[in-house]
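J.: kindly generate the corresponding structure for this input.
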Amino acid sequence: MPLTRQQFFTRRRPSIRATRQFVTLTLSEWGYADRLDEIQLCVSEIATNALLHGVPPGRLFRVRIEAAEEEVRIEVRDSGPGRPATQSPHADSENGRGLLLVSELADAWGDIEHTVGKTVWFTVKTTQAQGSAG
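T.: Got it, this is the predicted structure:
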């Protein structure tokens with residue numbers, strides 16, 4: 001049976017750090033820590049996209065964590081329209097590299113469209129430490 005936990009965050013800059021902390025504490029508690037740096041970077045990127053592209057202002061976005069056997073799945077759902085896509089930003093651009101990083105670091109990623117909003121998810125192959133009960 002998979003372990004799951006979710007939390008809602010406000011669309012404010014401090015929420016990006018809070019999402020990383022939520023994911024880090026949850027996965028550490030469950031004993032999934034061997035790829036935590038990669039997971040933290042990926043969740044930061046997709047949470048930032050939810051903060052920037054979710055509408056209307058004031059809506060929350062949800063972070064959901066699921067861990068089963070040797071895989072962790074992180075989902076971020078927001079109320080914004082459109083589908084995320086990787087793109088090659090201009091060399092002097094400060095933005096536009098987030099999903100490129102996710103596509104390189106995660107084992108898989110994708111999105112699910114909803115009537116209102118979307119969910120962006122990624123998975124990472126990882127193993128639970130021996131003796132961790134979750």
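
J.: buried stuff in stretch 44-53?
T.: Of the residues in stretch 44-53, those with enough neighbours to count as buried (16 or more other CB atoms under 10 Å) are 44-51, 53. Where C-beta positions appear, they are placed from N, C-alpha and C, glycine not excepted.

J.: tell me which element the most centrally placed residue in the chain is part of?
T.: Taking CA atoms, centre = their mean as the criterion, residue 43 is the residue nearest the geometric centre of the chain, at 3.2 Å. For residue 43, the element it lies in under DSSP states H and E is helix 36-53.

J.: all helices of the chain, in order?
T.: 14-30, 36-53, 98-105 (DSSP state H).

J.: what's the closest of those to residue 61?
T.: Each of those was scored for nearness to residue 61 using CB to CB, and the closest is helix 36-53 (4.0 Å).

J.: quick check: which ranges of this protein have low pLDDT?
T.: Along the chain, the parts satisfying pLDDT under 70 run over 85-97, 131-134.

J.: what's around the residue lying closest to residue 116 once chain neighbours are set aside, how many residues?
T.: When the adjacent residues along the chain are set aside, residue 116 lies closest to residue 79, with 5.6 Å between them (CB to CB, 6 or more residues apart in numbering). Residue 79 has 18 neighbours, counted by other CB atoms under 10 Å.

J.: in this structure residue 79 contacts residue 56, no?
T.: Yes - here residue 79 lies in contact with residue 56, judged by CB atoms under 8 Å, at a distance of 7.5 Å.

J.: tell me who's in contact with the nearest residue in space to residue 113 that is not next to it in sequence.
T.: If you skip the residues right next to it in sequence, residue 113 has residue 83 as its closest partner in space, 6.5 Å away by CB to CB, 6+ apart. With contact taken as CB atoms under 8 Å, 6 or more residues apart in numbering, residue 83 is in contact with 111, 113, 118.

J.: ditto for residue 57
T.: Going by CB under 8 Å, 6+ apart, residue 57 touches residue 11.

J.: gap between it and residue 15?
T.: Taking CB to CB, to the nearest Å as the criterion, residue 57 is separated from residue 15 by 13 Å.
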